[in-house]
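Student: just a sequence and a predicted model for now, questions to come.
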Amino acid sequence: MRNKVFHFLIFIITGVILITGCDDSWRRDRSSRKWNSQDPYSIPIEVRSKEYQKGNLIPNASFEDGSMSTSDTSGSEFTLKNWEIIGDGVSWTEISDSASITEGKYCLKISRAKSPESDTLGSGVLSDFIEVIPGNYDFHLSIKLSDIKSPDSRMGTKLFKSVNIRVQYYDEHKKPLSSMNRYPYTDTEIDNGFKGYGFSNFWYIDSMPWSTYRARSYNYPYSDGDIPDDCRFIKIFVGLQGNGTMWVDNLSYHYSKWNFSPKEKTDSLRELTYTPYDLLLPSPKEMEEKQIIKINEYTNPVIVSEINNNGIVSGIDLLKEQLGACGLTNNIPVIAASQYEKADSLYNLVIKISTIESDSVKAPQQGYTLKTQDAGHSDVISISGFDHEGTFYGIGTLIQLIDTAQNIIWGANIYDYPDFLGRSYLLSSWGDSSELQNDYDNLQKMSMLRFNKAYVGYGQTKNRKDWYNPSEIYIQGVRSIGKWYEKNGGGSLAIMINPYYHFEYEMYVPDMSDTLKYIWQHDEKGMQTLKAVFNIGMQSGATTIMLMGDDFVPHEKDYRKLYSLWTDEDKERHRTLAGAQIYMINYIYNWLKNEYPGTRMEFCPPWYLNEFIDKSRGSAEAYFDELMANIPQDVAIIWTGNTVRSLQIDEVDLYRYMKYSKRLPMLWDNTLYARGLEGIYGGYPSMYPEKAILCNLFEPFDIEVPHDFHLMNDGRHMYVNGSAGSELYKIKYATLAEFLWNTNSYNPELALWKVLVKWYGEENAALLIDINNSYFKILRYILMSEIKEEDPGKHDRSAEKEIEEFNTLMLELKKDNRCTKLAEEIENMELKLEERLSALQNEEDESDQDGNRQI
């Protein structure tokens, strides 16, 4: 996926130079000495674009250009163009592994048996100087490992820097620069040159197959890939400091797209035109454009279908409504195939809908074909689903191809199927009946976006911690939404419950009252309570449950990540937290197996990400060893990636977690709000205020994952966090729909632009991107005072000018009724910015008055 995205962005960024270059003349006369990695706008757009277009900056990145010594047969005496050999045990070898992910013939091999503890670099290769500019860079490589141990293993340590991948920084005179860089979250300095962090917390690696690794110093919210402001050259070292064998290939180091604002990344898309074929959401896997079918007063339509499935019947009703919007009667006949054969000459628009029933047909789940034919006296559109769900999606595609503005059908031949089979979204935490009604009204839209699971969150309803005593609105909401799915098809309910939610986050056991401790335990009474709450959803047609054991599990010792039981009785019954959760999981699993067979069960453990395991002081490893050996293999284990909000996930991250989960996990993604998040756990605005202009109110789903990532998730299911109740989140989820259906070909920028154009029109799409650009410029001015503690007066005029620009854009947007709700949400957010700006200005005035008094 990474390569496809990169080549698409080459097109976009090239367009940026042509389209927006003249708008940024004020940047050109800035000295390059003022260029700042944390402030993309400090660097002229032409310079950034040119750097991006260079692609991979590493020469001889796959080690294909070299020569072997004529007297050596071991491969250890050789030279590599653009690389210096460091240390011993380094060889240049042909790739014989059939599982290799390289396209070349050669790779680098490093073997060490007795690495000295005093060796801080190791053996490997060091590149020649590579010219760079300030900014953010992506660094990837292919790697294979065998029998990797720390050189300090006598101390019982993890691997730490045993896999030693480094970027060395140099100024314009090629003098070394410090690699230390501030991490704002902890206000500490970390080694930004070391890029082997993904391997650091393994205790030992016995054998890891060829994997694509994103070389990095740390996870989100650290802005990994930034280089020092004074850096103009780098060198790359890839080596092994520890013991074992390491193979390396396919290095890539290039300027990342996170040096460009959303406006810069999408400006060139405004110059293109889009047809309904282009705007199909999600895009079909294969499509051939066919004849356009005109609808007029002479059109006599019929739908041929014998399927008695609620979802398909509902889909046909929607299809009839769409045809009705083209001036046709809503009373379009739906007849059996036998009836049609007798009366086919009566109809000149025939829509045939069927599901392939044969077990012998090897077709993708939830897939379908759509074919358009000119049969002479009639136009025939045939939809054949590979199962009923696929048939429903085929109808949805046809509905999108019916152009009610021009009264035509855009004919096509389509072969289509999803990558992810479980595509979910989160319902709101209902505070009142209006929020429930909003979710209810949104069900059809989300169903047509092909989300087939709607999760009810474990918080249930707002401001309530008593999960064990569901509120009336919760019960009403679950039942009403369950009934909707029963009637209309297109998906089903999924129920989350966290039986620890009545505690505070990672609560300290000695701080608990006895009353709080004994609300719920891992005993028969506790299981009956848990079962009763789950049963509200199960009786309403839920097909998935997620049992949560995260965030609110208490701890007893002096460290928050040492989760524990909290009553003497539970300790007597189960001895360990793993033992108690084994009992809970198996109890619920067996109940579902007996009462609701076929229900999917998911479990989120306390240590649900790699970094939490890293910080567990070994307790997570012991927990997983006990848990995974004693629960059913078909219980899906939840994983959020390398951290809570994982913007990049690679094969090494997955390999590591699977060492504990003993199965493919299911990703719980928290990134729809990651980059623009403020507060202590925030993203760019909180940690890197200058980078706020990279954020997006309509942030598309945008994470970096390995190729075929859908095959790396349990059952090809995935959960994404964030309620779909607002207009902003509906846009975000629409881009997610594209990713879940077309994982490998997904492009975030194009997906977002497609959604905005499809829902709001091309002119409004451009307006919305401009509004976003203006909004985050205002926020940036505020943050420079709030976080960077700059004088508020420094940005007063710029902020006020940007507010004027924002208001002008909003006035234009509000002229279109399609944008009313969205405009209201955006305007409310911007008003809060104005309040913050006013508060800063008041503080400045008070400060000035105090200063005058002292004088």
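Tutor: Looks like it arrived, so ask away.
Student: and Leu145, what element?
Tutor: Element membership for Leu145 (DSSP states H and E) is strand 137-149.
Student: buried ones in that strand?
Tutor: Tyr137, Asp138, Phe139, His140, Leu141, Ser142, Ile143, Lys144, Leu145, Ile148, Lys149 (16 or more other C-beta atoms under 10 Å). In this view, the C-beta of every residue, glycine as well, is placed from N, C-alpha and C.
Student: let me see the mean pLDDT of that strand.
Tutor: Averaged over strand 137-149, pLDDT sits at 98.
Student: also stretch 185-197?
Tutor: Computed over stretch 185-197, the average pLDDT equals 97.
Student: if we can go back for a sec, centre of the chain to the strand holding Leu145, how far?
Tutor: 23 Å (C-alpha atoms, centre = their mean, to the nearest Å).
Student: one more: stretch 820-834?
Tutor: For stretch 820-834 - counting by C-alpha atoms, centre = their mean - the centre lies 25 Å from the chain centre.
Student: swap in stretch 624-631?
Tutor: So, by C-alpha atoms, centre = their mean, the centroid of stretch 624-631 is 28 Å from its chain's centroid.
Student: how about stretch 56-72?
Tutor: 36 Å.
Student: contacts only, for Asn742.
Tutor: Pro282, Ser283, Lys285, Asp419 (C-beta atoms under 8 Å, 6 or more residues apart in numbering).
Student: quick one: which of these is most hemmed in?
Tutor: Pro282 (26 neighbours; other C-beta atoms under 10 Å).
Student: which sections of the stretch 551-700 of the chain are below the confidence cut-off?
Tutor: Within the stretch 551-700 of the chain, no range satisfies pLDDT under 70.
Student: that one: helices as residue ranges?
Tutor: 568-574, 577-595, 610-614, 619-628, 651-661, 684-687 (DSSP state H, counting those that start in this stretch).
Student: skipping its backbone neighbours, what lies nearest Ser127 in space?
Tutor: The spatial neighbour of Ser127 that comes closest, neighbours along the chain excluded (C-beta to C-beta, 6 or more residues apart in numbering), is Ile236 at 4.4 Å.
Student: tell me the SS of the closest residue to His710 other than its chain neighbours?
Tutor: Sequence neighbours aside, Asp419 is the residue nearest to His710 in space, at 4.0 Å (criterion: C-beta to C-beta, 6+ apart). Following DSSP: H, G, I helix; E, B strand; the rest coil, Asp419 is assigned to coil.
Student: ok, now which ones touch Trp591?
Tutor: Trp591 neighbours (C-beta under 8 Å, 6+ apart): Lys531.
Student: over to Pro665?
Tutor: Ala636, Ile637, Ile638, Trp639, Leu654, Tyr657, Met658, Asn713, Asp714.
Student: break the protein down into its structural domains.
Tutor: 8-270, 283-416, 422-671+682-760, 764-854 (automatic domain parsing).
Student: pipe those into JSON lines and attach distance to Pro276 per row.
Tutor: JSON lines is the format used below for the domains of the chain (distance: least, C-beta to C-beta, whole Å):
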{"stretch": "domain 8-270", "distance to Pro276": "17"}
{"stretch": "domain 283-416", "distance to Pro276": "5"}
{"stretch": "domain 422-671+682-760", "distance to Pro276": "9"}
{"stretch": "domain 764-854", "distance to Pro276": "15"}
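Student: thinking again about what came up before, could you work out the most separated pair of the contacts of Asn742?
Tutor: Ser283 and Asp419 (11.8 Å; C-beta to C-beta).
Student: which residues do these two both contact?
Tutor: The contact lists of Ser283 and Asp419 share Trp741, Asn742, where a contact means C-beta under 8 Å, 6+ apart.
Student: so which of the helices of the stretch 551-700 of the chain is nearest Glu94?
Tutor: Comparing the helices of the stretch 551-700 of the chain by C-beta to C-beta, helix 651-661 comes nearest, at 22.9 Å.
Student: give me the contacts around the closest one.
Tutor: By C-beta under 8 Å, 6+ apart, helix 651-661 touches 143, 198-199, 201-202, 208, 211-213, 610, 613, 620-621, 624, 628, 637, 639, 641-642, 646, 664-665, 706, 712.
Student: got a ChimeraX select line for the buried ones in those residues?
Tutor: Buried residues among those (16+ other C-beta under 10 Å), as a ChimeraX selection:
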select :143,198,199,201,202,208,211,212,213,610,613,620,624,628,637,639,641,642,646,664,665,706,712
